[in-house]
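Asks: Here is my input; please provide its structure:
(chains A, B and C)
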Amino acid sequence: MVRPVETILRALEKAYPQAHCALAHDNPFELLVATVLSAQCTDKRVNQVTPLLFARYPEAASLAQARQSELEKIIYSTGFYRNKAKHLIAMAKALMALYGGQVPADMKALVALPGVGRKTANVVLGNAFGIAGGVVVDTHVGRIARLLGLTKAQMVEKVEADLIRCVPRSKWILLPHLLIEHGRQICVARRPRCGQCVLATNCPSCLI
DNA sequence: ATCCCGAGGG
DNA sequence: CCCTCTGGAT
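Replies: Have a look, this model is predicted:
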């Protein structure tokens, strides 16, 4: 029923040769912060607040000393601003206390940071350090959760486990970017453009 | 109304 | 396991 992953990968790589991490960043710290901000928010809007954010708080040391009210104003438009501001300050303090202000290149250490879950850790590991720790699975998977009778929480875990099993490790970092690009251009939530979809012939939800 | 590169708390 | 947190785009 489902086409081999290799075939899907090849089709997506051909369709989106420019796929990459769209969160603007110059170093692991900036990517970590940007990824925390990206929760339930488009990368484009994150990129609108990060220039001012990083000018004001260029590294963990300054962010750890931030006044929460000031930080909230800067990140306001990314949503969840109170939680994110609180988490970012706590995260920066933890980076100072545990890692000398540096971002650890380690899954367990990243996930233990305040406000950092497995998805954020995977983004930082893969795109800042080039380490394929796991596979980034975002909220797109929630769209098909109902078809399989799974909750979103179950879905995220199962999908990553399946991808780790089926996809060669050399593609773990690239694959999420391909899927996200596909989700943005073709497989959008409302009125998906199935007529232009390179995976249409194999898609159970295809509308044509 | 629904969705966006989620995570913590109950 | 479910809920909440938030604003802007579509």
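Asks: buried stuff in the longest helix seen in chain A?
Replies: If you go by DSSP state H, chain A has its longest helix at helix A:81-99. The neighbour-count check on helix A:81-99 (16 or more other Cβ atoms under 10 Å) flags A:81, A:84, A:85, A:87, A:88, A:89, A:91, A:92, A:93, A:94, A:95, A:96 as buried. Where C-beta positions appear, they are placed from N, C-alpha and C, glycine not excepted.
Asks: Check stretch A:161-181 too.
Replies: Neighbour count says stretch A:161-181 has A:163, A:167, A:171-181 buried, by 16+ other Cβ under 10 Å.
Asks: Tabulate those (CSV), appending distance to DNA strand B.
Replies: Formatted as CSV, the buried residues of stretch A:161-181 follow (distance: Cβ to the nearest atom of the strand, whole Å):
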residue, distance to DNA strand B
A:163, 14
A:167, 16
A:171, 15
A:172, 13
A:173, 11
A:174, 11
A:175, 11
A:176, 6
A:177, 5
A:178, 10
A:179, 9
A:180, 4
A:181, 8
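Asks: Out of those, the closest to residue A:13 would be?
Replies: Ranked by distance to residue A:13 (Cβ to Cβ), those are led by residue A:178 at 6.5 Å.
Asks: Ramachandran angles for residue A:104?
Replies: phi -70, psi 140 (degrees, to the nearest 10).
Asks: Residue A:116 is in contact with that one, correct?
Replies: No. If you go by Cβ atoms under 8 Å, residue A:104 and residue A:116 don't touch, sitting 10.3 Å apart.
Asks: same for the longest helix of chain A, what does it pack against?
Replies: helix A:28-37, helix A:60-64, helix A:68-75 (3 or more Cβ pairs under 8 Å, 6 or more residues apart in numbering; DSSP states H and E).
Asks: just checking, next helix/strand downstream of it?
Replies: Once the chain leaves helix A:81-99, the next helix or strand it forms, by DSSP states H and E, is helix A:107-111.
Asks: model confidence over that next one, on average?
Replies: Helix A:107-111 comes out with an average pLDDT of 96.
Asks: what do you get for stretch A:121-140?
Replies: Rounded mean pLDDT across stretch A:121-140 is 91.
Asks: Residue A:107 contacts residue A:124, correct?
Replies: No. With contact defined as Cβ under 8 Å, residue A:107 does not count as touching residue A:124 (9.6 Å).
Asks: Within its local environment, how many residues does residue A:7 see?
Replies: Neighbourhood size, residue A:7 [other Cβ atoms under 10 Å]: 12.
Asks: what's the pLDDT at it?
Replies: Residue A:7 is given a pLDDT of 84.
Asks: quick one, phi psi at it?
Replies: Dihedral angles (degrees, to the nearest 10) for residue A:7: phi -60, psi -50.
Asks: how much space between it and DNA strand C?
Replies: 30 Å (Cβ to the nearest atom of the strand, to the nearest Å).
Asks: ditto for residue A:56
Replies: Distance from residue A:56 to DNA strand C, by Cβ to the nearest atom of the strand: 19 Å.
Asks: Next, the contact list for residue A:33, please.
Replies: Applying Cβ atoms under 8 Å, 6 or more residues apart in numbering, we find residue A:33 in contact with A:50, A:53, A:54, A:63, A:88.
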